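Chemist: Predicted model and sequence below, questions to follow.
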Amino acid sequence: MKDILIITNYFPPEIGAASNRIHQLATGLHQNGFKVSVVTPLPNYPNGRILKAYRGAFKRTTVENGLTVHRLWLYASHSKNKLLRLASMLSYSMSLIRFFIRNRNPSTVIIQSPPLIVAFISVLFLRSRKRKLILNVSDLWPLAGLELGALKKGVTYRLLERMERYNYRHTDLILGQSEEILTHIASVYPEKHTLLYRNYPDFTPPELREKQRADRKIKLAYAGLLGVAQGIYRLCWELDYSKVEFHIYGAGSEQAIIEQLIKDRPELDIHFYGTLTRPELHRVLMTYDVAIIPLLKRIYGSVPSKIFEYARLGLPILYFGGGEGELIVEEHGLGWVAKAGDYNDLNKVLGTISLADLNAERILNTRQTAITKFDAGKQLHALTARVQ
């Protein structure tokens, strides 16, 4: 049985796409005969506070469904203050270095990026001719930070760019979640071995329930991180509530201002429910008509994993983020697309959606598309063939 180590910032019991993605990868490798260990921080995402059951611990190691999980201390924070966020990443990096020094590290390691600094520290300390390093790139940093306005070109940006290139140069295989990510890497290191590895889910969707089709507004749902990139607070202001009612699930830095908006403007048809477990969320989402996937700005390389999650559920998608994600929704007929950043077009598209179109046949067809086109098993087989 071959040992493999996965280094990640996100892992259950944390919720969200990143946690689900890495857990599914680890479980899939275990089921294919690998002895899998995971190194991750004490759970703190998305609220930036270590979960109650783990507080006071400096390190905790458990065996969970065949996976050995090492949870390391960090200074937890989801503050918008850049220095506090940097302190959080550096604290986990220091815990990682201590772990690398004190433990025997396997000959194959998968490193999640971003966070870019954590990935850089991992590559720096683990690179060896005897060790195979695999970099799993889900977003292009620092480029994504520049496009979001979180970073500006200057000394800091150039330093992060050098870290990014160091990571590419000193890893043996790079997994990218989008074609744009692989194109970017090829523009820097054209000889580098890469593999398109999207965040395809693998779960059994809930049974269909007939929805009320009376004359009413569209029930629009959002589920996920309430952060700057998603722009949910802005979306709350811009939606035309004569056409929709808006239901929000999740947590993040914008949660407080969204809750305050709901209190201050009760006439807006907005409903906030907090977070749910993944199975609970799946059942609840099936009661809605359409799920929206927004990005405040088009981000090169970004393909939100919700596309594949909702397709598996059969839930019609309204995509509002541009780029490669938009092309996937259009190509596979998964729903509707509105021009990125154009809220007038978003409301116009919402006005074209008919409740008559949101029927069981559409849901079943979308689920079948997900099964045939977004096959997690085939992806994993392609990866294991490269890891052996």
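Modeler: Alright, I've got the coordinates. Quantities reported herein were computed from a predicted structural model and do not represent experimental measurements.
Chemist: now the strands: where do they sit in the stretch 151-300 of the chain?
Modeler: If DSSP state E, counting those that start in this stretch is used as the criterion, the strands of the stretch 151-300 of the chain fall at 173-176, 194-196, 218-225, 244-251, 270-272, 290-294.
Chemist: from the middle of its chain, how far away would the fourth one be?
Modeler: Mean-position distance between strand 244-251 and its chain equals 18 Å (C-alpha atoms, centre = their mean, to the nearest Å).
Chemist: Direction included, what does that strand pair against?
Modeler: strand 218-225 (parallel), strand 270-272 (parallel) (DSSP bridges).
Chemist: would a markdown table of the strands of the stretch 151-300 of the chain with mean pLDDT and mean neighbour count be doable?
Modeler: Glycine gets a C-beta too; all of them are placed from N, C-alpha and C. As requested, the strands of the stretch 151-300 of the chain are exported to a markdown table (pLDDT from 0 to 100; neighbours: other C-beta atoms under 10 Å):
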| stretch | mean pLDDT | mean neighbour count |
| --- | --- | --- |
| strand 173-176 | 96 | 22 |
| strand 194-196 | 95 | 16 |
| strand 218-225 | 93 | 22 |
| strand 244-251 | 94 | 21 |
| strand 270-272 | 97 | 18 |
| strand 290-294 | 96 | 23 |
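Chemist: element containing the closest residue to residue 106 other than its chain neighbours?
Modeler: Ranked by C-beta to C-beta, 6 or more residues apart in numbering and with sequence neighbours excluded, the top spatial neighbour of residue 106 is residue 3, at 3.7 Å. In the assignment (DSSP states H and E), residue 3 maps to strand 2-7.
Chemist: In that strand, which residues are buried?
Modeler: Neighbour-count burial for strand 2-7 flags 4, 5, 6, 7 (criterion: 16 or more other C-beta atoms under 10 Å).
Chemist: so where's the stretch 1-150 of the chain shaky on pLDDT?
Modeler: For the stretch 1-150 of the chain, the stretches flagged by pLDDT under 70 are 1, 78-80.
Chemist: Beyond the strand holding residue 3, next helix or strand please.
Modeler: Next helix or strand after strand 2-7 toward the C-terminus (DSSP H and E): helix 17-31.
Chemist: Relative to residue 357, which of the buried residues of strand 2-7 is nearest.
Modeler: Taking C-beta to C-beta as the measure, residue 6 is the one of the buried residues of strand 2-7 closest to residue 357, at 41.4 Å.
Chemist: Contacts only, for that closest one.
Modeler: With contact taken as C-beta atoms under 8 Å, 6 or more residues apart in numbering, residue 6 is in contact with 22, 25, 26, 36, 37, 38, 39, 109, 110, 112.
Chemist: so how far is residue 246 from the fifth one?
Modeler: This points to residue 37. 42 Å (C-beta to C-beta, to the nearest Å).
Chemist: I figured residue 87 hits residue 75, correct?
Modeler: Yes - in this structure residue 87 lies within contact range of residue 75 using C-beta atoms under 8 Å: 5.4 Å.
Chemist: Between the two, tell me which one has more neighbours.
Modeler: Here residue 87 and residue 75 are set side by side on neighbour count (other C-beta atoms under 10 Å), and the busier one is residue 75, at 18 against 15.
Chemist: Flag every buried residue along stretch 340-357.
Modeler: Of the residues in stretch 340-357, those with enough neighbours to count as buried (16+ other C-beta under 10 Å) are 340, 341, 343, 346, 347, 349, 350, 353, 355.
Chemist: Contacts for stretch 53-68 next, please.
Modeler: The contact list for stretch 53-68, computed with C-beta under 8 Å, 6+ apart, reads 26-27, 30, 36-38, 42-43, 69-73, 95.
Chemist: Restricted to strands, list these.
Modeler: Among those, the residues falling in strands (DSSP state E) are 36, 37, 38, 69, 70, 71, 72.
Chemist: Spit out the contact partners of the second one.
Modeler: In this structure, residue 37 makes contact with 3, 4, 5, 6, 67, 68, 69, 70, 106, judged by C-beta under 8 Å, 6+ apart.
Chemist: from the residues you listed, which single one is nearest residue 186?
Modeler: When the contacts of residue 37 are ranked by distance to residue 186 (C-beta to C-beta), residue 6 comes first, at 24.7 Å.
Chemist: beta partners for that closest one?
Modeler: Beta-bridge partners recorded for residue 6 (DSSP bridges): residue 38, residue 110.
Chemist: Show me which residues of the biggest helix by length in the chain are buried.
Modeler: Longest helix of the chain, by residue count under DSSP state H: helix 82-102. Going by neighbour count (16+ other C-beta under 10 Å), the buried part of helix 82-102 is 85, 88, 89, 91, 92, 93, 95, 96, 99, 100.
Chemist: Redo the strands paired with strand 244-251 as CSV? Include distance to residue 296.
Modeler: Shown next, in CSV, are the strands paired with strand 244-251 (distance: least, C-beta to C-beta, whole Å):
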stretch, distance to residue 296
strand 218-225, 12
strand 270-272, 18
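Chemist: And these: which comes nearest residue 298?
Modeler: Of all the strands paired with strand 244-251, it is strand 218-225 that lies closest to residue 298, at 17.5 Å by C-beta to C-beta.
Chemist: So what touches that closest one?
Modeler: Contacts with strand 218-225, where a contact means C-beta under 8 Å, 6+ apart, come from 16-17, 46, 230, 232, 235, 239, 243-252, 281, 285, 287-292, 294, 306, 318, 350, 353, 355.
Chemist: Let me have the contacts of stretch 53-68 in JSON lines, adding distance to residue 146 as columns.
Modeler: Written out in JSON lines, the entries for the contacts of stretch 53-68 read as follows (distance: C-beta to C-beta, whole Å):
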{"residue": "26", "distance to residue 146": "31"}
{"residue": "27", "distance to residue 146": "35"}
{"residue": "30", "distance to residue 146": "37"}
{"residue": "36", "distance to residue 146": "35"}
{"residue": "37", "distance to residue 146": "34"}
{"residue": "38", "distance to residue 146": "31"}
{"residue": "42", "distance to residue 146": "31"}
{"residue": "43", "distance to residue 146": "30"}
{"residue": "69", "distance to residue 146": "34"}
{"residue": "70", "distance to residue 146": "33"}
{"residue": "71", "distance to residue 146": "32"}
{"residue": "72", "distance to residue 146": "30"}
{"residue": "73", "distance to residue 146": "31"}
{"residue": "95", "distance to residue 146": "28"}
